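Chemist: model the structure of this input:
(2 chains)
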Amino acid sequence: MEQETEMIIEPSRALSLNFRELWQYRELFYFFTWRDIKVKYKQTILGVVWVVLQPVMTVLIFSLFFGRALNVPSQGIDYPVFVFSGLLLWTVFSSGISNAGNSMVTNAQIIKKIYFPRLIFPIAAILVSLFDFLVSFFVFLIFLIGNGTPFHIGQALLYWPLAIFLTVLGTMGLSCWLAALNVKYRDFRYIIPFFIQALLFLTPVIYPLSIVSNSWISTLLSLNPMYGPITIFRLPFMAGSPDFRLIELSIGSSFVLVLTGIIYFRKTEAFFADLA
Amino acid sequence: MKPILEIQDVSKKFTLNHQGTAYLNLRDKFSHLFSRNSRREEFWALKEVTFHVNRGESIGIIGRNGAGKSTLLKILSRITPPTRGRVIARGRIASLLEVGTGFHQELTGRENVFMNGSILGMKRSEIKSKFDEIVDFSGTEKFLDTQLKHFSSGMQLRLAFAVAAHLEPEVLIIDEVLAVGDSAFQKKCLTKMLEVSSDGRTIIFVSHNMQAVKAICNRAIIIQSGKVAAQGQTDTVVTQYLEEDHLESRNTYDLTTAKRTKWKHGLMFQKLSFDKHLYCPGEKLIITIRLMSNGQNFKDLLFGVNLYDSAGNCLVHLSNIFLGQLDITHDESASYQFTIDSLNFKPGRYTMNLFIRANEEIQDWLEGAAVIQIVDGNVYGFENSQMIQGLVQPEFHFEQLL
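Modeler: Now for the predicted structure:
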């Protein structure tokens, strides 16, 4: 016991990801996620109903404008199903990076006063988005069945968890980058919302990538980490097979983002307290 | 047995940015790419600090504002890494640099106990098992399920301290926690800390309150401009510290760079001066204050000048409004003056807090802005000043009525 507790505090040197330490502090993930969910819905009359209401309203608006008025193609499925499935994952991504990206700054008071692995903040922020996702996912399921859209259950059991995993991966990668950069350069507070908005139009949420005929452009667009998960998520109820090369590209870019993101975060986190 | 903490040659460098912001922004970064005349300055907050702490010891760390005490604590708490050197810790460390870290106004008292406890490093099961004790200690059981924002600040403080008091680390690092709260609360904190130290746990305690340091710590260290200036038995070190401080007491203070408790960036204390270096009991004290503004109009000035003794008792509170002087508008060329006709206090060292309100907002607030030294002697001209115990030496009369 005596040996095990020796700890050395020294200038940050070789990079260590130190996942063991993260595990030691696992209860904090729970507490911060729980706190953020609690605080989010306190003093709202509708509470968690907002989680349902927001995507449903957006789906309604998008369906009216893009589906009806502009006749955006939706690869053979009903446009509302197409948009809803895209928005479901997109919301995890967008709310995830916007909350996680600002998490270091909003929790600066804590960072300056106490130590624990800083990675807990962005991860807890993403867990909050996942909680919201769970609620809206059930709404989506009901919608899917109510609408009578046929879907392959076996594929769903395989592809949906995979799509969610990839969504979290991509969100995590960008979040780590943005959270760390935001501490150093507060400009990112203004860049993040703009960035999310721009990215929505570069992601096949409201339109299928198939409407882009230029193969260079579609390759470029598939570097987007959200391209893969959204396409995979739609597979169980989508006819025809997608371009797997593009999906691989998207997954590859997610992995690069998450790896570099965590490394950059870990490298800079020691100085967060000095800068925050 | 090996020491529980070994601090070896620890140094910490800060790079000061002279644009007024601590953090960078991209525009500066880009402009630095092209111009090399960066207005940055290096500053060593700590220089080769070395000392050991043995198991069960209570160590007091004392020093002036800005000497590097807080930086040292932050390094020991792992909040910021040292630039050079290292610390070897052989035990679980918990640090209390603030009471109620992570308290959230929207959560209830109960929820905050769990939140705060877990941030401080307690396991959920640990908090659960101590929950009743914590609530008992805080005396807030009636409000447990009320949101924290409906708690009075005193109640929040008690709840926060109650959580902290139930931490059971091997090393407890405490920064000035006792500086807040009323004197009953401070006494409670002090008692609890004595209890902790007599339990055989190790305490590192930073404070300006020499009385508290003497009560709790068996060893003390003076940090001066980032270095260990002295260490040893608490009594000896504290006496040495007070003597040195005495020599350094000045009669003019430049307050533009002082550490601020609260500051609105509009109106600030610029300079503070006293009419003398040292005072004898019963002498006249003239405090002259200069303010600096950003050019805006500041009206309804409210000054607050407080004097504290070394035990933290507020002996004097002066304000222009007590004299009915309400409609004062700031003028950049003006000085403001408080005069105490007779400074009839016991010899000792008194620290001053300054406070200014204008346009119905707190503009600037400095704690420990200046020191007033009252040298040996007494108002009555009695030969043995040591014999007079009272903090205040009022004029009084005595006669034998027959």
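Chemist: which sections of the chain are below the confidence cut-off?
Modeler: As the question left the chain open, I've gone with chain A. A:1-5, A:13-16, A:276 (pLDDT under 70).
Chemist: nope, chain B
Modeler: Checking chain B against pLDDT under 70 turns up B:16-40, B:177-183, B:245-250.
Chemist: now for residue B:218: which residues touch it?
Modeler: B:57, B:58, B:59, B:233, B:234 (CB atoms under 8 Å, 6 or more residues apart in numbering or on different chains). No exception for glycine: its C-beta is placed from N, CA and C like everyone else's.
Chemist: give me the distance between it and chain A.
Modeler: Per CB to the nearest CB, to the nearest Å, residue B:218 is found 24 Å from chain A.
Chemist: likewise for residue B:271?
Modeler: 30 Å.
Chemist: what's across from that residue in the sheet?
Modeler: Counting by DSSP bridges, residue B:271 forms beta bridges with residue B:254, residue B:290.
Chemist: which residues touch it?
Modeler: Taking CB under 8 Å, 6+ apart, one finds B:252, B:253, B:254, B:255, B:288, B:289, B:290 in contact with residue B:271.
Chemist: turn the contacts of residue B:218 into CSV, including neighbour count and secondary structure.
Modeler: Converted to CSV, the contacts of residue B:218 look like this (neighbours: other CB atoms under 10 Å in any protein chain shown; DSSP: H, G, I helix; E, B strand; the rest coil):
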residue, neighbour count, secondary structure
B:57, 20, coil
B:58, 24, strand
B:59, 24, strand
B:233, 12, strand
B:234, 21, helix
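Chemist: for the residue lying closest to residue B:219 once chain neighbours are set aside, which residues are in contact?
Modeler: Excluding its sequence neighbours, the residue lying closest to residue B:219 (CB to CB, 6 or more residues apart in numbering or on different chains) is residue B:59, at 5.1 Å. For residue B:59, the contact set (CB under 8 Å, 6+ apart) comprises B:53, B:202, B:203, B:204, B:205, B:217, B:218, B:219, B:220, B:221.
Chemist: quick one, which of these are buried?
Modeler: B:53, B:202, B:203, B:204, B:205, B:217, B:219, B:220, B:221 (16 or more other CB atoms under 10 Å in any protein chain shown).
Chemist: ok, residues contacting the helix or strand that contains residue B:222?
Modeler: Here residue B:222 sits within strand B:219-224, counting by DSSP states H and E. With contact meaning CB under 8 Å, 6+ apart, strand B:219-224 is reached by B:49, B:51, B:57-64, B:67-69, B:72, B:213, B:228-234, B:237-238, B:240-241.
Chemist: what do you get for stretch A:7-21?
Modeler: With CB under 8 Å, 6+ apart, stretch A:7-21 has contacts from A:117, A:262-263, A:266-267, A:270, B:75-76, B:78, B:81-90.
Chemist: re earlier: which strand residues bridge the residue nearest to residue B:219?
Modeler: Assigned bridge partners for residue B:59, using DSSP bridges, are residue B:204, residue B:219.
Chemist: tell me how far the residue nearest the centre of chain A lies from residue B:133.
Modeler: The centre of chain A sits closest to residue A:93, judged by CA atoms, centre = their mean, with a distance of 2.5 Å. Using CB to CB, to the nearest Å, we find residue A:93 at a distance of 44 Å from residue B:133.
Chemist: can you pull the residues of the stretch 1-150 of chain A lying near chain B?
Modeler: A:2, A:5-12, A:27-28, A:30-31, A:35, A:38-39, A:42-43, A:109-116 (CB under 8 Å from any CB of the partner chain).
Chemist: return the subset of the residues you listed lying in strands.
Modeler: The members of the residues of the stretch 1-150 of chain A next to chain B that map onto strands under DSSP state E are A:6, A:7, A:8, A:9.
Chemist: I'd say residue A:125 and residue A:175 touch.
Modeler: Yes: counting by CB atoms under 8 Å, residue A:125 does reach residue A:175; the two are 7.1 Å apart.
Chemist: can you pull out the strands in the stretch 201-350 of chain B?
Modeler: Secondary structure of the stretch 201-350 of chain B (DSSP state E, counting those that start in this stretch): strands located at B:202-206, B:219-224, B:227-233, B:252-254, B:262-263, B:267-274, B:278-279, B:285-293, B:302-308, B:314-318, B:335-340, B:348-358.
Chemist: tell me the most buried of those strands?
Modeler: Of all the strands of the stretch 201-350 of chain B, strand B:202-206 carries the top mean neighbour count, a mean of 23, counting by mean count of other CB atoms under 10 Å in any protein chain shown.
Chemist: between that strand and strand B:219-224, how many degrees?
Modeler: Here the directions of strand B:202-206 and strand B:219-224 differ by 30 degrees (axes from the mean of the first three to the mean of the last three CA atoms, to 10 degrees).
Chemist: helices and strands around strand B:202-206, which ones?
Modeler: When contacts are defined as 3 or more CB pairs under 8 Å, 6 or more residues apart in numbering or on different chains; DSSP states H and E, strand B:202-206 sits against strand B:58-62, helix B:69-76, strand B:171-175, helix B:183-198, helix B:210-216.
Chemist: among the contacts of stretch A:7-21, the buried ones, what's the ChimeraX command?
Modeler: Restricted to buried positions by 16+ other CB under 10 Å, the ChimeraX selection for those reads:
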select /A:117,262,266 /B:75,76,78,81,82,84,85,86,87,88,89,90
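Chemist: helices - which of the contacts of stretch A:7-21 land there?
Modeler: A:262, A:263, A:266, A:267, B:75, B:76 (DSSP state H).
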